[in-house]
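1. Let me see the structure of the following:
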Amino acid sequence: MSDMTQFDNIYFNQSARPGRLRFANSGLGWKSSSKASSTLAPFLLPQSEVVSANWSRAAKGYECRVLTKDRGVVQFDGFDLDDFDRLKNTIKHHFDAVLETKSHSIKGWNWGKTEFERSELVFNVSNRPAFEIPYAQVNNSNLSGKSEVAIELSHDHDLATRGQSGVRDELVEVRFFLPGTVTKGEDDSDASDVEEQSAATVFYETIKERADIGQVAGETIVSFTDIMFLTPRGRYDIDMYPLYIRLRGKTYDYKIQYSSIQRLFLLPKPDELHNILVIQLDPPLRQGQTRYQFLVVQFLKEEEIEVELNVEDAEFEEKYADKLKKKYDQAAHEVVGQVFRGLSGKKITVPGSYVSVHGQAGVKCSLKASEGYVYFLEKSFLFVPKPTVLIAHSDVSSVTLSRVGGSVSSSRTFDVTVTLTTGASHQFSNINREEQNGIEQYLKSKNIRIKNDLVEDQSFLVAALGSDSDDSDADVVPRADRGSADEDEESVDEDFQADDSDSDVAEEYDENAESDSDEEGSEEGDGAEDGAEENEAIDLSNDEDDEKPAKKKVKKN
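-> Down below sits the predicted model:
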């Protein structure tokens, strides 16, 4: 046999495009044959890493799964049935290993037995594997309830391995239902050490432990402890590795690839006590049925952090010198933001030119039933903390300034409704009226179409203040400054003071005095019938201005 054997049209780890697979005494290698991905580095596996290999039916024909020492399971798909003998002899010759045949269960049952092997989780049905999940593809694992464990799989971010359309379907999550309990410590002689745990808890702890095999290349670059997250709510420890981030909380652990980070926002909170770091993810973080497209991290403004990167000087100069500092000793939000920027390669967006009347970058408002802050950035609107909404200026059709509900004369707030080109809209409510001019100037500077309904409200207010408040006073001589009930009361008081000085005593001891005051109070707020009685009282008082019984004549029914 020659020193090198080649197989064409072979797919590597379920890639969308085929390539060439070559075997030699030094190891094996795969390289894509597509021109679109010719710039990708080929996959190389040294001979010392190969442990075993097996042959089975797969999606694109037959596949060869190579189990390695420290690099998990490597899949090569696309072989023909006639390639079995040739591949078996090649592996025996170059790696001194036997190519074993493995047949999968095709019964379609969704119940079986799980088995944790060296590099993958195997789900067996009738003592045959139904499917395997390599530990290297496990992104997150969550314990949902008492008997259910969810395993989130990593996503393919390499666009060169996608289909012609740029989009393909992927399996993103698998859930296992594990009822019952498992006894631990039953092999010990001391019966007091025997402990029972739920099967789901044991499975969850095991998958968390195994999923780290072959993924943590050395220690963390830097770690931050007890960091406050507003979304998802809780405190987490942040461990930052060369390729991904690990969030460790009391209940949930998350693994986030740097390639999932789309944008970073570092903003001061208008309460002047905190700063927030907003991390946009695609695909979003999953917690059961809940998806978190944005992570919101909160820092105290006066909090400081002193850390040193856990990398050798030579490695730092080679990989991180132009991105990070070797040591940090400054504000917490600045340190975490700079490390995220350096390792993810994404720029950090900071507040733009907009400043509120209170000198802040954000404005307090409400989005539906949630209170928060809206930031008017240079290229987008951002509402935080929950639900976090990001609206790019390019997606905005128009912005409407309006007031919804409440009295026109007493309202001190207004609403900003952002209408998108898709027809959807977001309404930011209860914004302080003092912010109106600044927001209008901001929108005009960004060439965003504005519809100002507040102008119509102001004209309506002027018209309301210039008209009489009660149409029933048509017989009364109008006054130029009359516009409220308070002025009517003042005119009545003047008429009353024009009476004799004894009127005060008569009113105090008159048995009808109380009912007089009640009728006068009710005449101002009642309908047309009460207004007619008021007109009658005015006529009587004019005819008998000097007679005290004039008031008693008003009370006839």
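2. pLDDT weak spots in the stretch 301-450 of the chain?
-> Scanning the stretch 301-450 of the chain for pLDDT under 70 picks out 404-410.
3. Please enumerate the strands of it.
-> 304-308, 327-331, 348-349, 362-367, 370-376, 380-384, 389-392, 396-402, 413-420, 425-432, 450-452 (DSSP state E, counting those that start in this stretch).
4. hang on, isn't Phe340 packed against Ile261?
-> Yes. Judged on Cβ atoms under 8 Å, Phe340 makes contact with Ile261 at a distance of 7.5 Å. For every residue, glycine as well, the C-beta is placed using N, CA and C.
5. Quickly list what's touching both of the two.
-> Common contacts of Phe340 and Ile261 (Cβ atoms under 8 Å, 6 or more residues apart in numbering): Ile279, Lys346.
6. Just the helices from the stretch 251-400 of the chain, written as ranges.
-> 313-315, 332-344 (DSSP state H, counting those that start in this stretch).
7. just so I know, which of the ones you listed lies nearest Ala97?
-> helix 313-315 (34.0 Å; Cβ to Cβ).
8. and that closest one, how far from the chain's centre?
-> Taking Cα atoms, centre = their mean, to the nearest Å, the mean C-alpha location of helix 313-315 is offset from the chain mean by 37 Å.
9. can you check stretch 241-252 too?
-> 17 Å.
10. ok, now stretch 420-431?
-> With Cα atoms, centre = their mean as the basis, the mean position of stretch 420-431 lies at 17 Å from the chain mean.
11. Report the buried residues of it.
-> His426, Gln427, Phe428, Ser429, Ile431 (16 or more other Cβ atoms under 10 Å).
12. Give me the distance between the fourth one and Leu401.
-> In this case it means Ser429. 12 Å (Cβ to Cβ, to the nearest Å).
13. can you list the domains in the chain?
-> As assigned by automatic domain parsing, the chain contains the domains 4-103, 484-553.
14. Do me a favour and get the end-to-end distance for the first one?
-> Using Cα to Cα, to the nearest Å, one end of domain 4-103 lies 29 Å from the other.
15. Likewise for stretch 385-392?
-> Per Cα to Cα, the first residue of stretch 385-392 is 17 Å away from its last.
16. Determine how far that stretch lies from the middle of the whole chain.
-> So, by Cα atoms, centre = their mean, the centroid of stretch 385-392 is 7 Å from its chain's centroid.
17. What of stretch 197-214?
-> 28 Å.
18. mind listing what's buried in it?
-> For stretch 197-214, the neighbour count (16+ other Cβ under 10 Å) marks Ser198, Ala199, Ala200, Thr201, Phe203, Tyr204, Ile207, Lys208, Arg210, Ala211, Gly214 as buried.
19. mind listing what Phe265 touches?
-> Per Cβ under 8 Å, 6+ apart, neighbours of Phe265: Ile276, Leu277, Val278, Gln280, Ile348, Thr349, Val350, Tyr375, Leu377, Leu382.
20. Likewise for Pro129?
-> Contacts for Pro129 (Cβ under 8 Å, 6+ apart) come out as Lys102, His104, Ser105, Val122, Phe123.
21. lowest-confidence stretch among the domains of the chain?
-> Here the lowest mean pLDDT among those goes to domain 484-553, at a mean of 44.
22. okay, the buried residues of stretch 197-214 in CSV with distance to Tyr62, pLDDT and secondary structure next?
-> Below are the buried residues of stretch 197-214 laid out as CSV (distance: Cβ to Cβ, whole Å; pLDDT from 0 to 100; DSSP: H, G, I helix; E, B strand; the rest coil):
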residue, distance to Tyr62, pLDDT, secondary structure
Ser198, 40, 89, strand
Ala199, 35, 92, helix
Ala200, 35, 91, helix
Thr201, 38, 89, helix
Phe203, 31, 92, helix
Tyr204, 34, 88, helix
Ile207, 29, 89, helix
Lys208, 33, 84, helix
Arg210, 27, 85, helix
Ala211, 28, 80, helix
Gly214, 25, 39, coil
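23. Make TSV from the residues you listed and add distance to Thr251 to it.
-> Shown next, in TSV, are those (distance: Cβ to Cβ, whole Å):
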residue	distance to Thr251
Ser198	15
Ala199	19
Ala200	14
Thr201	12
Phe203	16
Tyr204	11
Ile207	16
Lys208	13
Arg210	20
Ala211	17
Gly214	26
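24. And for Ser154, the neighbour number?
-> 19 (other Cβ atoms under 10 Å).
25. mind checking how far it is from Tyr135?
-> 11 Å.
26. cool, His274 as well?
-> 38 Å.
27. Those two: which is more packed in?
-> Tyr135 (21 against 18).
28. is it true that the more buried one touches Leu121?
-> Yes. The criterion here is Cβ under 8 Å, and Tyr135 meets it with Leu121 at 7.0 Å.
29. who touches both of these two?
-> With Cβ under 8 Å, 6+ apart, Tyr135 and Leu121 have common neighbours Arg210.
30. Can you mark which positions in the helix or strand that contains Leu87 are buried?
-> Element membership of Leu87 [criterion: DSSP states H and E] is helix 84-95. Across helix 84-95, burial judged by 16+ other Cβ under 10 Å covers Leu87, Lys88, Thr90, Ile91, His94, Phe95.
31. same thing with stretch 323-337?
-> Buried residues in stretch 323-337, counted by 16+ other Cβ under 10 Å: Leu324, Lys325, Tyr328, Ala331, Ala332, His333, Glu334, Val335, Val336, Gly337.
32. Kindly report the same for stretch 291-299.
-> With burial defined by 16+ other Cβ under 10 Å, the residues of stretch 291-299 counted as buried are Tyr292, Gln293, Phe294, Leu295, Val296, Val297, Gln298, Phe299.
33. which one is the residue positioned nearest the centre of the chain nearest to, not counting chain neighbours?
-> Most central in the chain under Cα atoms, centre = their mean is Phe294, positioned 3.4 Å from the mean C-alpha point. Leaving aside its sequence neighbours, Phe294 sits nearest to Thr388 (Cβ to Cβ, 6 or more residues apart in numbering; 3.8 Å).
34. any idea how far that neighbour lies from Gln293?
-> 7 Å.
35. one step back: any chance of the contacts of Phe265 in CSV with distance to Phe131 and neighbour count as columns?
-> Formatted as CSV, the contacts of Phe265 follow (distance: Cβ to Cβ, whole Å; neighbours: other Cβ atoms under 10 Å):
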residue, distance to Phe131, neighbour count
Ile276, 42, 21
Leu277, 39, 22
Val278, 37, 23
Gln280, 33, 19
Ile348, 41, 17
Thr349, 42, 19
Val350, 47, 14
Tyr375, 46, 24
Leu377, 45, 23
Leu382, 42, 22
